[in-house]
Every structure is written in C-alpha cells, then in structure tokens.
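Engineer: below are the sequence and a predicted model; questions follow.
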Amino acid sequence: MNEQQRTGQAAGPADTQEGTRSCPAQLGRLFGVGVGPGDPELITIKAYRTLKQAPVIAYPKKRSGSKSYALEIVELYVDAAEKSMLGLVFPMTRDPAELAAKWQQTADDVWAALVEGRDVAFVTEGDPMLYSTFIHLARMLQEQHPDVDIHSIPGISSVNAAASRFGQALADGDESVAIVPARDDPEAMRQVLLSHDCVVFIKVAKVLDMMLDVLAELHLTQCATVATKLTSGDERIWRNVEELRGSELNYLTLMVVRK
C-alpha cells in the first residue's frame, strides 16, 4: 500500500505525471468515481477531471445491451469516441454460481485494461463507498492483484439529495440517523424506526407494502416521504406514501422517515 492509500489522499489522473508511477509494470490505476444521484451538475470538479483524463470509462449495467444510469449522468462530460467504453454487467440475480462468474469476468475485464497501463474510471451513481458495486470490485482486484492502485472519488449520495429535495434535515444536534437497506423483516424494520430519529430506507421498492404496514402500526405514515431517481429528469416524490400501496417502483427508490 502506498502513502496516498495509507493517508486516504488519493491522487487524480492529473496529480501524477505520466511515467512516474511506482506500480510494477506501469499498471494503470482504478478510480471509483461517484457521479451523484442523477443531476449531471452534482458531480465534483475532481470527478469531472478524472472522467476527462482517464482513457477508459467503465460503467455498471444490469445486463448486456441495457442502459447504465451512472453513464447517463456523465454523458455530457464523456466523449465515447475518444474513450474506451467498458460496460460491466452486474446481473440482478441471487444465483451464487452466476454471480461468481459475472463478478470474475468483471474483474478480469478491468484488469485487462489496467495491465496495459491504462487508467480506468469506474462511474457509479451516488458515492462509490456507500452500497456501491465499486466496493466489491475493488476488493476483488485487491485480493487477486495486490499491486493495483485503487482510489475513490466521493460523490453526493441519494441520501444527501433526499434531504435537500425534501427540505428536511436528516439529523440535528444529538439526533440519530440510520441508513438501512429495506428488507422483508417487519420486526427488524420496526426496531430500526423505534431506535432512531430519522431513517433512510434504500432499496425500498421491493418491500414497499410491508414498509407501509410497519409505518401504519407505529403511527409514522405521515412522517414518511418516498422518492425515485432523485434530482434526475425522471425524479418523482410522494409525500402521501399510502397512495403507493400496490405500486411497482424503480429500483432507485428510497424512503425517508423523519419523526
């Protein structure tokens, strides 16, 4: 691990002159680039500079031929004709064998570019270190190729975007806030709500009706707001969450419950 990795001070592509890298065999560097929740204007200057200078732009997608939400966010800043565009498939499946095979293929594809000495910017919506596919990809590459130089560029998460769009503070003073993946466990979700002043439930679409039942039981229905694809052109916000009962919402949907 180099000094930048130990201190957490990751360099951007322009911070180090070409030809001065310390990595063996002039390996390229992998950058996890947080590109925000949806609005292209919410990416950082460092993310913009990295996208401009990295020769390879990697992006996640659910299946071959499908569109990438993260890539859509940065299309204004990336000229596909000037870059090597690397689409990485992350299937929405629970099959362990299929997942293992796809993850290994993804790691191999990224490594193939790095071993050629090319920097790779992996774009991810939100922040690369918060419930992101980049976390597992970086871990795999570190385990299989210890010499790889990996950096993370923070991004604005949908959690932060929700607070601004709802005009609602997540926490103030000594209040507590939790970020929790919603799951089909009513008692666990109930305890989370009872234990915190504010809870942001991500991945809520798949268990929405169950969450509405829990809110009703705790008399918290009026404290909840639901949104999908925050800050993007497809953003939708619901303050009367009961009207969503029985609805099928996008995967990029969250619920904020503020007591």
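Structural biologist: All right, it came through fine.

Engineer: tally of neighbours for the residue lying closest to Thr106 once chain neighbours are set aside?
Structural biologist: Using C-beta to C-beta, 6 or more residues apart in numbering and skipping the chain neighbours, the partner closest in space to Thr106 is Leu88 (4.7 Å). Heads up, the C-betas are built off the backbone N, CA and C, glycines and all. Burial of Leu88 is recorded as 19 neighbouring residues (other C-beta atoms under 10 Å).

Engineer: please, where are all the strands along the stretch 101-250 of the chain?
Structural biologist: Remark: strands assigned in the stretch 101-250 of the chain by DSSP state E, counting those that start in this stretch are 120-124, 149-153, 177-181, 198-202, 224-228, 236-238.

Engineer: surely Ala113 meets Val56?
Structural biologist: Yes: using C-beta atoms under 8 Å, Ala113 makes contact with Val56 at a distance of 4.8 Å.

Engineer: need the residues touching each of these two.
Structural biologist: 28, 84, 86, 120 (C-beta atoms under 8 Å, 6 or more residues apart in numbering).

Engineer: closest one of the residues you listed to Asp149?
Structural biologist: Closest approach to Asp149 among those (C-beta to C-beta): Gly28, at 8.1 Å.

Engineer: next, count neighbours for the closest one.
Structural biologist: That count, for Gly28 with other C-beta under 10 Å as the rule, works out to 23.

Engineer: and Met189, by the same measure?
Structural biologist: By other C-beta under 10 Å, the residues close to Met189 number 24.

Engineer: quick one, what contacts it?
Structural biologist: Met189 sits in contact with 180, 182-183, 201, 210-211, 214, where contact means C-beta under 8 Å, 6+ apart.

Engineer: if we go to 7 Å?
Structural biologist: Met189 sits next to 182, 211, 214 when contact means C-beta atoms under 7 Å, 6 or more residues apart in numbering.

Engineer: and Gln144, by the same measure?
Structural biologist: Ala107.

Engineer: against Glu116, how distant is it?
Structural biologist: To Glu116, Gln144 is 17 Å away according to C-beta to C-beta, to the nearest Å.

Engineer: likewise Gln53?
Structural biologist: 16 Å.

Engineer: just give the nearest non-adjacent residue to Arg239, would you?
Structural biologist: With C-beta to C-beta, 6+ apart, the residue lying closest to Arg239 is Thr225, at 5.4 Å.

Engineer: what about the closest residue to Thr231 other than its chain neighbours, neighbour count?
Structural biologist: Distances taken as C-beta to C-beta, 6+ apart place Asp39 nearest to Thr231, at 3.8 Å, with adjacent residues excluded. Residues lying near Asp39 (other C-beta under 10 Å) number 16.

Engineer: nothing else from me, thank you.
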